[in-house]
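K.L.:
Need coordinates for the below:
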Amino acid sequence: MDHLQNPNRRTVLKGAAAAAIATSLPAVTAGPAAAAASPAVSPVAGTTARRATSPLTLPSGIQTGDVTSRSAVLWSRASGIGRLNAILHPLDDDGERVKGRGRRRGHGRGRDGQPIHLRGPWATEETDFTARINANGLPSGSRFDVELYFEDERGRHSEVGTGGFSTAPGRKSDGAQSFVWTADTAGQGYGINEQIGGMFGYETMRSYSPDFFLHAGDTIYADGPITETMEEPDGTIWHNVVTDEVAKVAETLQEFRGRHRYNLMDANVRALYAEVPVIATWDDHETTNNWWVGETLEDDRYTVTDVNTLATRGRRAWQENQPIADRRALSRGHGFEPARIYRTIERGTTLDVFVLDMRTNKAENTDGLEQHETEIFGEEQLQWLLRGLKKSKATWKVILADLPLGIVVPDGEGQESIANADPGKPLGRELELARLLQGIKRQRTKNVVFLTGDVHYCAAHHYSPERAAFKDFDPFWEFVAGPINAGSFGPNEMDATFGPRVDFSQAGPAMGSPRDGEGQFFGRVEISPHGEEFTVELINIKGDVQYTRTLTAEH
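P.N.:
Sure, this is the predicted structure:
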């Protein structure tokens, strides 16, 4: 198989990755005081002091997310009470700002070249000083420069965070799209190591200039303390930037919030989020390892052992720190409303992204051999997904899943994911997956691709009824990527119930370090202008392509 051809990007990428790995880089510091550090590692990348007449700062940078053909979500966190403001500057085909008269206020279209000024909510202690703006009515297929700042109670402006995004092609126009995905950030004690340039895998992803980034979960590791030093498997000492909130397992809301703040201290993470819209879901480590609803922890590290309590706090902290479009996401409630994480992101005629939540309704981690169906999606989400896939007019339907389908993921004597290590007929959670795959076939939905992470290695799996115990489904592909900055594991065994064939897998050593980048992975997808081809690359964070597969659309 031939790799995607882009020699200029490859050359730049190799240089960037090599520089990021070098141990002689300037240090990442733990706070905004390092404005004088090099741009590659500065913790205030993406911000400028222009117009800064208020002492307010943007300590976590800025994010854009859930960008569709017509809308985008703009996010930031202030250092104190302030009202979020955004200015969107339309760009021309050469990437230059379009000259217009004055500013258009409100959710204007921006077609006349005028900057769009949007006023958002007040950031207060109630949301850990985070705020979001939903920018609607934007022109499709358009690029914007973004400026975000906070206005304090005296009307003074904070420093300005800068970034950009492009809206997706419209429903009546084609256009090539590319994106990257991965999972698993700051796991197994591997945090921000300033000696190697921080979480440089994020910089490698950014260097590809993707249209957006899918984070398949484990956006933090709330259950994994981060210490100043840690011994790697080969005896090398790993050095972390640390904060009080990451020194123990997260139990309070503030400790969960501190985990998200920690990751956003990394300049590589902030630079990608400022320039590349994110679409994220959550998995277990946003709360604690392998949890299910109703679980009581048996872990001496915790004083709070009710998982539902921890999950409610973890969900809230996750939602506060993600640029998600669902207005219900921060509504008052107990934290388990199923529609608050799973959602559809429409990306024009060639692509719809369906974001799953495989944690909120997850049944107990038994051996998975029940004769009756046990939950992993929940009925409401399952029916939502089938309806959305049937309704979708996009050529490709990408399903972002936080757990893999056919990989066996043991949890003690139980099973963490869908597969139960029994190659026979579907049982337990597999019965829900069987209904989903059967429904996709019967409603004749074509070109469905599953993307996931979770297992800390990369892989490509082809599922086909001719190899399966359950045969009432159409063949499909599942691609796995990660970790991006965590210990490496795998590869795991496969469950034969749905007929998977391992087309490729690549793993680092057990608990392997992100230091050399060999066992850390992300995936990249490029969709051709008319949607006929869907090309997947699996890449390590040094920028070395490990695998390529091009899928051709069925009609």
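K.L.:
Only C-alpha atoms from now on, for both contacts and neighbour counts.
P.N.:
OK.
K.L.:
Now do the strands in the stretch 401-550 of the chain.
P.N.:
Assigned by DSSP state E, counting those that start in this stretch, the strands in the stretch 401-550 of the chain fall at 410-411, 414-415, 448-452, 458-463, 476-480, 500-506, 521-527, 533-540, 545-552.
K.L.:
Pull up the pairing partners for the fifth one, direction included.
P.N.:
Meaning strand 476-480. Sheet pairing for strand 476-480, assigned by DSSP bridges, gives strand 448-452 (parallel), strand 458-463 (antiparallel).
K.L.:
quick one, strands of the stretch 101-250 of the chain?
P.N.:
Under DSSP E, counting those that start in this stretch, the stretch 101-250 of the chain gives strands at 104-105, 116-123, 130-135, 143-151, 160-166, 177-182, 212-215, 229-231, 237-239.
K.L.:
right, and the ones you listed - which one's nearest residue 535?
P.N.:
Residue 535 lies closest to strand 177-182 among the strands of the stretch 101-250 of the chain, at 9.3 Å (C-alpha to C-alpha).
K.L.:
what's the offset of the closest one from the middle of its chain?
P.N.:
10 Å (C-alpha atoms, centre = their mean, to the nearest Å).
K.L.:
before we move on, the earlier item: which one of the strands of the stretch 101-250 of the chain lies closest to residue 353?
P.N.:
The nearest among the strands of the stretch 101-250 of the chain, by C-alpha to C-alpha, is strand 212-215 at 9.5 Å.
K.L.:
Show me what the closest one is in contact with.
P.N.:
Strand 212-215 is contacted by residues 178-183, 276-281, 400 when judged by C-alpha atoms under 8 Å, 6 or more residues apart in numbering.
K.L.:
Provide the strand pairings for that strand, with the direction of each partner.
P.N.:
Strand 212-215 has these strand partners (DSSP bridges): strand 177-182 (parallel), strand 278-280 (parallel).
K.L.:
export the ones you listed to CSV and tack on mean neighbour count, mean pLDDT and distance to residue 496?
P.N.:
Formatted as CSV, those follow (neighbours: other C-alpha atoms under 10 Å; pLDDT from 0 to 100; distance: least, C-alpha to C-alpha, whole Å):
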stretch, mean neighbour count, mean pLDDT, distance to residue 496
strand 177-182, 25, 97, 25
strand 278-280, 26, 97, 29
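K.L.:
Of all the ones you listed, which one is nearest residue 234?
P.N.:
Comparing these by C-alpha to C-alpha, strand 177-182 comes nearest, at 25.3 Å.
K.L.:
For the most centrally placed residue in the chain, which non-adjacent residue is closest in space?
P.N.:
Closest to where the C-alpha atoms of the chain average out (C-alpha atoms, centre = their mean) is residue 215, at 1.4 Å. For residue 215, ignoring the flanking residues on the chain, the nearest one in space by C-alpha to C-alpha, 6 or more residues apart in numbering is residue 280 at 4.6 Å.
K.L.:
Does the one you found touch residue 220 like I think?
P.N.:
No: using C-alpha atoms under 8 Å, residue 280 makes no contact with residue 220, being 11.8 Å away.
K.L.:
Give the residues shared as contacts by these two.
P.N.:
Between them, residue 280 and residue 220 share no contacting residue, judged by C-alpha under 8 Å, 6+ apart.
K.L.:
ranking the strands of the stretch 401-550 of the chain by burial, who's on top?
P.N.:
strand 521-527 (a mean of 25; mean count of other C-alpha atoms under 10 Å).
K.L.:
Show me how far stretch 158-169 is from its chain's centre.
P.N.:
Worked out by C-alpha atoms, centre = their mean, stretch 158-169 lies 18 Å from the chain centre.
K.L.:
Pull it out as CSV, backbone CA atoms only.
P.N.:
As requested, the backbone C-alpha atoms of stretch 158-169 are provided in CSV (Å, rounded to 0.1, in the frame of the first residue of the first chain):
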residue,chain,number,x,y,z
SER,A,158,-8.0,40.5,29.2
GLU,A,159,-5.2,39.2,27.1
VAL,A,160,-6.4,37.8,23.8
GLY,A,161,-6.3,34.2,22.8
THR,A,162,-5.8,33.6,19.1
GLY,A,163,-6.5,30.6,16.9
GLY,A,164,-8.6,29.6,13.9
PHE,A,165,-11.0,27.0,12.4
SER,A,166,-12.7,26.2,9.1
THR,A,167,-16.4,25.3,8.8
ALA,A,168,-17.1,22.1,6.9
PRO,A,169,-18.2,22.0,3.3
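K.L.:
now residue 498: how far from residue 475?
P.N.:
9 Å (C-alpha to C-alpha, to the nearest Å).
K.L.:
out of those two, which sits in the more crowded spot?
P.N.:
residue 498 (31 against 19; other C-alpha atoms under 10 Å).
K.L.:
which ones are touching the residue nearest to the more buried one when sequence neighbours are not counted?
P.N.:
Distances taken as C-alpha to C-alpha, 6+ apart place residue 468 nearest to residue 498, at 4.6 Å, with adjacent residues excluded. Contacts for residue 468 (C-alpha under 8 Å, 6+ apart) come out as 496-500.
K.L.:
repeat that with 10 Å
P.N.:
By C-alpha atoms under 10 Å, 6 or more residues apart in numbering, residue 468 lies in contact with 423-425, 495-500.
K.L.:
for residue 85, same thing?
P.N.:
Contact analysis of residue 85 by C-alpha under 10 Å, 6+ apart lists 74-76, 117-122, 131-133, 147-151, 157, 160.
K.L.:
partner residues bridging it?
P.N.:
So, taking DSSP bridges as the rule, residue 85 has residue 119, residue 149 as bridge partners.
K.L.:
cool, and the one 5 residues further on?
P.N.:
With DSSP bridges applied, residue 90 shows beta-bridge pairing to residue 144.
K.L.:
What separation do you get for it and residue 98?
P.N.:
6 Å.
K.L.:
Look at these two and report which has more neighbours.
P.N.:
Taking other C-alpha under 10 Å, residue 90 and residue 98 do not tie; residue 90 has more neighbours (27 against 19).
K.L.:
Would you mind measuring from the more buried one to residue 171?
P.N.:
With distances taken as C-alpha to C-alpha, residue 90 is found 20 Å from residue 171.
K.L.:
tell me the pLDDT at the residue nearest to the centre of the chain?
P.N.:
Looking at residue 215, its pLDDT is 98.
K.L.:
Output the below-cut-off pLDDT ranges for the stretch 251-400 of the chain.
P.N.:
326-339 (pLDDT under 70).
K.L.:
Please repeat the previous calculation with a cut-off of 50.
P.N.:
Along the stretch 251-400 of the chain, segments meeting pLDDT under 50 span 330, 338-339.
K.L.:
so where do the helices sit in it?
P.N.:
Counting by DSSP state H, counting those that start in this stretch, the stretch 251-400 of the chain has helices at residues 253-263, 267-275, 307-320, 379-391.
K.L.:
Could you list the buried residues of the first one?
P.N.:
Taking 16 or more other C-alpha atoms under 10 Å as the basis for neighbour counts, the residues of helix 253-263 that come out buried are 253, 255-263.
K.L.:
The closest residue to residue 507 other than its chain neighbours: neighbour count?
P.N.:
Excluding the flanking residues, the one nearest residue 507 by C-alpha to C-alpha, 6+ apart is residue 457, at 4.8 Å. Residues near residue 457, counting by other C-alpha under 10 Å, number 28.
K.L.:
doesn't residue 523 make contact with residue 457?
P.N.:
No: the criterion here is C-alpha atoms under 10 Å, and residue 457 misses it with residue 523 at 11.0 Å.
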